[in-house]
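Asks: Okay, predicted coordinates and the sequence, questions at the end:
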Amino acid sequence: MARGQQEPGEAGTFPRAPTQQAWESMSAQERARAVAALPGEVTWEEMAPPEGDRHFQAKVRALDALKGYFTRQRRKVYLAAELPVYYPGEKRFATDLLAVLDVEPHERDKWVVSAEGKGLNFVLEVHVGGDRKKDASLNVERYARLGIPELLESEEFVALLEEMMTGLHRRADEASQRAEEEAQRAQEEAQRAQEIERRLAESERRIAELQAEVEHLKKNER
């Protein structure tokens, strides 16, 4: 399929991102044009109809919980709701909530995997009414095929992230301890260098005194 073009032969033909093979063959300018050509919205044909306040509030609470968690952890994460997502050569989709770890959290109109260099780490679909098969079957199959981790409940996801952060903190503590040990060794080396310099200065001073004493003795002998 040509870069950034629509997929033919499909009802309501929708734009797709270039395949990864096509992406890798593009220049920087061609990639920028391909990304710009991808719409930052999805059509009604691609989305489920609105499901009311319960659906909306559930997304808002989950989004706020994740924002608060990562703010406390001081870890970069990009969070979005109903954002168009473009995997290479795949039909675009928009999840109720998505998260991508360790990326810049600036505002985006879409997530283009090839351009970002990273796929989604987490998606959350909130089901209140309508077609349950979409969330429980079709979306699960799609996300599994794309390599997106299993759809955990928001509490489970936060627990998993806390476990991950515990490991990160442990490694950070170990790195900090190694840094302190290196700093201590550097300080000891600096102290030894200062002691050597002090001894050299003392030796030079003593030599100068001895030379002066020798000169004085020579004068007296005359």
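Replies: Sure thing, it's come through.
Asks: got the buried residues for stretch 140-154?
Replies: Applying a neighbour-count criterion of 16 or more other Cβ atoms under 10 Å, one finds Arg142, Tyr143, Leu146, Ile148, Leu151, Ser154 buried in stretch 140-154. (C-beta placed from N, C-alpha, C; glycine too.)
Asks: If you could redo that for stretch 68-85, that was the one I meant.
Replies: Buried residues in stretch 68-85, counted by 16+ other Cβ under 10 Å: Tyr69, Phe70, Val77, Tyr78, Leu79, Ala80, Ala81, Leu83, Pro84, Val85.
Asks: Spatially nearest residue to Val77 (excluding sequence neighbours)?
Replies: Excluding the flanking residues, the one nearest Val77 by Cβ to Cβ, 6 or more residues apart in numbering is Phe70, at 4.5 Å.
Asks: quick one: the residue most central in space within the chain from Lys118, how far?
Replies: Residue closest to the mean C-alpha point of the chain, counted by Cα atoms, centre = their mean, is Asp102 at 1.1 Å. From Asp102 across to Lys118, the span is 8 Å (Cβ to Cβ, to the nearest Å).
Asks: which helices and strands does whichever strand or helix holds Ala179 pack with?
Replies: If you go by DSSP states H and E, Ala179 is part of helix 154-221. With contacts defined as 3 or more Cβ pairs under 8 Å, 6 or more residues apart in numbering; DSSP states H and E, helix 154-221 has these neighbours: helix 52-73, strand 122-124.
Asks: Could you rerun that using 6 Å?
Replies: When contacts are defined as 3 or more Cβ pairs under 6 Å, 6 or more residues apart in numbering; DSSP states H and E, helix 154-221 packs onto helix 52-73.
Asks: How about exporting the helix it packs on as PDB, limited to the C-alpha atoms?
Replies: C-alpha atoms of helix 52-73 as PDB (Å, rounded to 0.1, in the frame of the first residue of the first chain):
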ATOM      1  CA  GLY A  52     -23.300   8.000  29.000                       C
ATOM      2  CA  ASP A  53     -22.000   9.400  32.200                       C
ATOM      3  CA  ARG A  54     -20.900   6.100  33.800                       C
ATOM      4  CA  HIS A  55     -18.700   5.300  30.800                       C
ATOM      5  CA  PHE A  56     -17.200   8.800  30.700                       C
ATOM      6  CA  GLN A  57     -16.700   9.100  34.500                       C
ATOM      7  CA  ALA A  58     -14.900   5.700  34.600                       C
ATOM      8  CA  LYS A  59     -12.400   6.900  32.000                       C
ATOM      9  CA  VAL A  60     -11.900  10.200  33.800                       C
ATOM     10  CA  ARG A  61     -11.300   8.400  37.200                       C
ATOM     11  CA  ALA A  62      -8.800   5.900  35.600                       C
ATOM     12  CA  LEU A  63      -7.000   8.700  33.800                       C
ATOM     13  CA  ASP A  64      -6.700  10.800  37.000                       C
ATOM     14  CA  ALA A  65      -5.500   7.900  39.000                       C
ATOM     15  CA  LEU A  66      -2.700   7.100  36.600                       C
ATOM     16  CA  LYS A  67      -1.800  10.800  36.300                       C
ATOM     17  CA  GLY A  68      -1.500  11.100  40.000                       C
ATOM     18  CA  TYR A  69       0.500   7.900  40.400                       C
ATOM     19  CA  PHE A  70       3.100   8.800  37.800                       C
ATOM     20  CA  THR A  71       3.300  12.400  39.100                       C
ATOM     21  CA  ARG A  72       4.200  11.000  42.500                       C
ATOM     22  CA  GLN A  73       6.800   8.700  41.000                       C
END
